[in-house]
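kindly return the folded structure for what I paste below:
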Amino acid sequence: MTTTLGSGSLTYEVVEGWAKLPDGFLLGDCAGAVVDSKGRIYAYTRGEHPVVVFDRDGNFLTSWGEGVFGGTHGIAIGPDDSIYCTDTQHHVIRKFTPEGELLQTIGSPSGRFSGQPFNRPAHLAISPVSGDLFVADGYGNARIHRFSPEGELLYSWGEAGTGPGQFVVPHNIIVDEDENVFVADRENHRVQVFTAKGEFLALWPGIWRAAGLDMDDRGNVYVAEMPPPVYILDAPNVGHAISIYDKQGNLQTRFGDPNPGDEPGMFTAPHGIAVDSHGDLYVCEMPKSNMGSEWIEAALSDRKPGQSKEVRTIVKLARKG
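Residues are numbered from 1 along each chain as shown. Sure thing, here's the model as predicted:
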C-alpha cells in the first residue's frame, strides 16, 4: 500500500526501499544530499563511504571521499555540477568534481565565536547570480560569510543571540535568483531572510529545529525539522517532520507522523533535504547522531530477517501529479 504525504498540489508518495546498495554496504547517517544536472543524487554520509551517488531510481552508481573528511555535514552544488562539502572537524570547505577530484579548499580553523571563518562550518550555498559562496558558520560561530568563487572573504554578518540577524546554530543556507539569503537558524527554531549584503528582511518563527533547506524553481522552500532532544524524544508533533513554505514565509503544508520512526510516512531525524527537477524530495536523516542508543536498539530489535541492519537514513518522496 502506497503512503501519501502532504496536501493540495504538494502531495508525495513514499518510495519504499529507494536506496539500493551493494551487499554489505551500510550508508550510515546521511547529513545531506544534492542533485546534479543529470538527475544524480549525491548523499553526504557518516558511513565508510562519505559521498554516495545514486540515480533517480535509487540504483547505486559510485562512492568517493574515503579518508578525506573529518566531519561530514553540509553539501552544496554549483551551476557546473561542482560539489562543495563542509567539514566540521577540519574547519574547511572542499570543492570537488562530480567524480570526486579535489579542486579547491577554502578556509582554516578559527577560534570559537571569533567571527572569523571557520569554526565548524555547517553548510553553504552558491549564488545563482554572482557565483559567490554564502557559508553558514554554524556550530562554533554564529556568522554568515560571503566568499568570492576564488575563495576570497568579502564580508560577514551575524552574532550569537535570539534577535533579528542573530543566530544560534545557523545550520543551512540557500540563495534565490534575487540573491536573497535564507538561513535555517536551527536552535532559534526559525528561518531568517536577508539581502546578499546581510540586511535583515524577514523572520519565519515557530519551525522546530529548522535544519535542512532547499528551494525549487517555483519558489517553494522545503524545511527539514530535526527531532527534540533525547530526554523529550517521545513528545508528539515536535519535529521529525517536513514543512513547505512559499517565499513569503506562508506555510503550505507540513507532514510527518506525530511520533518518530522509519516506517513509510514517519521520520526520525531529518537533517538535510533536496528537491530534483521533477519536484521529488530526498529527505536525509541522522538517527544514530540524534535518536539515542536506547531508541536505536529498540528500533533494530523489531527488524525481521532480511531487513536492513540500520535505521533508514535517506528516503525519497515522489511528487504526485
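
nearest residue to the middle of this structure?
residue 272 (2.1 Å; CA atoms, centre = their mean).

you'd agree that one is in a helix?
No - in this structure, residue 272 is strand, not part of a helix, as judged by DSSP: H, G, I helix; E, B strand; the rest coil.

now it. Nearest residue, chain neighbours left out?
Nearest non-adjacent residue to residue 272, counting by CB to CB, 6 or more residues apart in numbering: residue 32, 3.0 Å away. Heads up, the C-betas are built off the backbone N, CA and C, glycines and all.

tell me the buried residues in the helix or strand in which that neighbour is found?
If you go by DSSP states H and E, residue 32 is part of strand 30-35. Going by neighbour count (16 or more other CB atoms under 10 Å), the buried part of strand 30-35 is 30, 31, 32, 33, 34, 35.

can you tell me how far the first one is from residue 119?
Yep, that's residue 30 we're talking about. For residue 30, the distance to residue 119 equals 24 Å [CB to CB, to the nearest Å].

what do you get for the fourth one?
The spacing between residue 33 and residue 119, counted by CB to CB, is 25 Å.

all strands for the stretch 1-150 of the chain, in order.
Along the stretch 1-150 of the chain, counting by DSSP state E, counting those that start in this stretch, strands occupy 4-7, 10-15, 30-35, 41-45, 51-54, 60-64, 72-77, 83-87, 92-96, 102-106, 121-126, 133-137, 143-147.

name the helices or strands packed onto the first one?
In terms of contact count using 3 or more CB pairs under 8 Å, 6 or more residues apart in numbering; DSSP states H and E, strand 4-7 is assigned the packing partners strand 10-15, strand 251-255.

and what of the third one?
Judged by 3+ CB pairs under 8 Å, 6+ apart, the packing partners of strand 30-35 are strand 41-45, strand 72-77, strand 270-275, strand 281-285.

which of these sits closest to residue 210?
Of all those, strand 270-275 sits nearest to residue 210, with 10.2 Å by CB to CB.

by how many degrees do the closest one and strand 72-77 diverge?
Here the directions of strand 270-275 and strand 72-77 differ by 10 degrees (axes from the mean of the first three to the mean of the last three CA atoms, to 10 degrees).

so what strands line up beside strand 270-275?
Each strand paired with strand 270-275, and its direction, by DSSP bridges: strand 281-285 (antiparallel).

what's the spacing between the partner strand and its chain's center?
8 Å (CA atoms, centre = their mean, to the nearest Å).

send the alpha carbons of it over as CSV?
Output in CSV follows, covering the C-alpha atoms of strand 281-285 (Å, rounded to 0.1, in the frame of the first residue of the first chain):
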residue,chain,number,x,y,z
LEU,A,281,12.2,15.1,-2.4
TYR,A,282,15.1,13.3,-0.8
VAL,A,283,15.0,13.5,2.9
CYS,A,284,18.3,12.9,4.7
GLU,A,285,18.2,11.6,8.3
